[in-house]
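Student: Got a predicted structure plus its sequence, pasted below:
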Amino acid sequence: GDSVTQMEGPVTLSEEAFLTINCTYTATGYPSLFWYVQYPGEGLQLLLKATKADDKGSNKGFEATYRKETTSFHLEKGSVQVSDSAVYFCALSGPGANSKLTFGKGITLSVRP
Amino acid sequence: EAEVAQSPRYKITEKSQAVAFWCDPISGHATLYWYRQILGQGPELLVQFQDESVVDDSQLPKDRFSAERLKGVDSTLKIQPAELGDSAMYLCASSSTRQLTYEQYFGPGTRLTVT
């Protein structure tokens, strides 16, 4: 079945550091790929998405590119802020709208001033 | 901005008791999902509704869990009897069949603690 693998955490960075969070997936067909973020005490929020190979999703300075050849969707940000401290989840959904999401385990990011 | 509503936000119950969670999706969203998020893990789908019909309940422990969406709007998830291993965050999400973005919108969740 479908699965998502995220790098092990937690990750601690200093403010303005470069961030990379690795995500790889296994899926049949052509899934859509997502990054969700969960701030302390809040629900999941969609951070960015890509629905086909070579698409780049971007939002709030974060970027991720759908790489079908390496089955990856790594999250990057050039300069993190303290306010980026949260749990980040990589996820995929099957082809077609309204398919269920399959999530990775999530990784906790802490950014220190 | 429209949001998915869930209640209660927190629930503490004793083992073997019954517990219920409520979700009100974004108005007009025909698809509703219940996910369970165990501490330190990603959410996993329990049940998916399209209007009032169940589309996927393959991961729902049907001996103790039940879910309904009688009028195709709000939904209730019930556990009876609760077990210690049910302690988790229960997340509700909704999406529109008219959208092209495949986005699911999540509520704040109900954190269940079974003692």
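Tutor: Good, I have the coordinates. Note that this is a predicted model, so its numbers are computed, not measured.
Student: Let me know the secondary structure of A:Tyr88.
Tutor: strand (DSSP: H, G, I helix; E, B strand; the rest coil).
Student: is it in a bridge, and if so with what?
Tutor: In this structure, A:Tyr88 bridges to A:Val37, A:Ile107 when assessed by DSSP bridges.
Student: Next one: it from chain B, what distance?
Tutor: 11 Å (CB to the nearest CB, to the nearest Å). For every residue, glycine as well, the C-beta is placed using N, CA and C.
Student: That residue against A:Gly106, yeah?
Tutor: Yes: using CB atoms under 8 Å, A:Tyr88 makes contact with A:Gly106 at a distance of 6.6 Å.
Student: so what sits against both of these two?
Tutor: A:Gln38 (CB atoms under 8 Å, 6 or more residues apart in numbering or on different chains).
Student: Which stretches in chain B count as helices?
Tutor: Assigned by DSSP state H, chain B shows no helices.
Student: Please work out which residue of it is closest to chain A.
Tutor: B:Gly42 (3.0 Å; CB to the nearest CB).
Student: Just the pLDDT at A:Leu33, thanks.
Tutor: The model reports A:Leu33 with a pLDDT of 94.
Student: A:Pro95 too?
Tutor: Looking at A:Pro95, the pLDDT reads 74.
Student: Show me which residues of chain B are close to chain A?
Tutor: B:4, B:31, B:33, B:35, B:40-45, B:48, B:50, B:56, B:91, B:93, B:95, B:97, B:99-109 (CB under 8 Å from any CB of the partner chain).
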